[in-house]
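Engineer: here is a sequence together with a model predicted from it:
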Amino acid sequence: MTSRFTELAIDCSDPATLARFWCAVLDYEVLEAEDGLVTIGPPVAESPAGPVPPVLTFAPVPEAKTVKNRVHLDVHPTDRDQDEEVRRLLSLGARPADVGQGAGGTGGADGPSWVVLADPEGNEFCVLAGRRP
């Protein structure tokens with residue numbers, strides 16, 4: 001028997017606000033909200049018959065983020081190119097982040113094929129130019 005990745009827990013100062021941001025990014029919905037915890041995931045009516053994507057649970061903590069994440073999310077656009085998706089995420093409240101990725105963090109022959117952004121609480125994530133096979 002093995003384990004299956006089903007949930008990612010994210011410490012934050014404002015679970016409801018961060019959950020709304022990630023719902024908009026991933027087209028998720030709030031599945032549960034109680035005792036300060038907020039869990040989001042794919043809409044229940046649209047859950048696939050195959051492997052289920054992990055849910056994200058946001059938990060309040062008193063301390064602020066102070067260093068670069070050791071684990072981060074990678075997302076890739078499904079219906080637009082990377083530049084359009086980056087603009088959409090910036091309009092939702094993300095901001096550019098520099099984690100040493102090089103010139104602007106954009107793809108192409110001279111740089112990586114991802115753009116590093118931070119969510120409203122400063123958690124870094126990458127927007128990929130293409131999906132890994």
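Structural biologist: Nice, thanks for sending it over. Keep in mind it's a predicted model, so treat the numbers as computed, not measured.
Engineer: who's in contact with the spatially most central residue of the chain?
Structural biologist: By C-alpha atoms, centre = their mean, the chain has its centre lying nearest to L73, at 5.0 Å. Contact partners of L73, counting by C-beta atoms under 8 Å, 6 or more residues apart in numbering, are 8, 125-126. From N, CA and C alone the C-beta is placed, and that goes for glycine too.
Engineer: then R95?
Structural biologist: Here R95 is in contact with 117-118 (C-beta under 8 Å, 6+ apart).
Engineer: circling back to that earlier point, from the contacts of L73, which land in helices?
Structural biologist: Assigned to helices by DSSP state H, none of these qualify.
Engineer: okay, the residues you listed in CSV with distance to V86 and pLDDT next?
Structural biologist: As requested, the contacts of L73 are exported to CSV (distance: C-beta to C-beta, whole Å; pLDDT from 0 to 100):
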residue, distance to V86, pLDDT
L8, 22, 95
F125, 11, 95
C126, 10, 94
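Engineer: one step back: what about the residue nearest to the centre of the chain, distance to A19?
Structural biologist: As judged by C-beta to C-beta, to the nearest Å, L73 and A19 stand 14 Å apart.
Engineer: burial of Y28, as a residue count?
Structural biologist: Y28: 18 surrounding residues under other C-beta atoms under 10 Å.
Engineer: oh, that last question was meant for V75, not what I typed.
Structural biologist: 16.
Engineer: wait, isn't it in contact with F125?
Structural biologist: Yes: the criterion here is C-beta atoms under 8 Å, and V75 meets it with F125 at 6.5 Å.
Engineer: ok, E29 - contacts?
Structural biologist: By C-beta under 8 Å, 6+ apart, the residues touching E29 are 23, 40-44.
Engineer: so what pairs up with it in the strands?
Structural biologist: Note on E29: beta-bridge partners by DSSP bridges are G41.
Engineer: from the chain's centre, how far out does stretch 29-42 sit?
Structural biologist: Here stretch 29-42 shows a centroid-to-chain-centroid distance of 15 Å under the convention C-alpha atoms, centre = their mean, to the nearest Å.
Engineer: just the buried ones from the contacts of E29?
Structural biologist: 23, 40-42 (16 or more other C-beta atoms under 10 Å).
Engineer: that's all I had, so thanks and see you.
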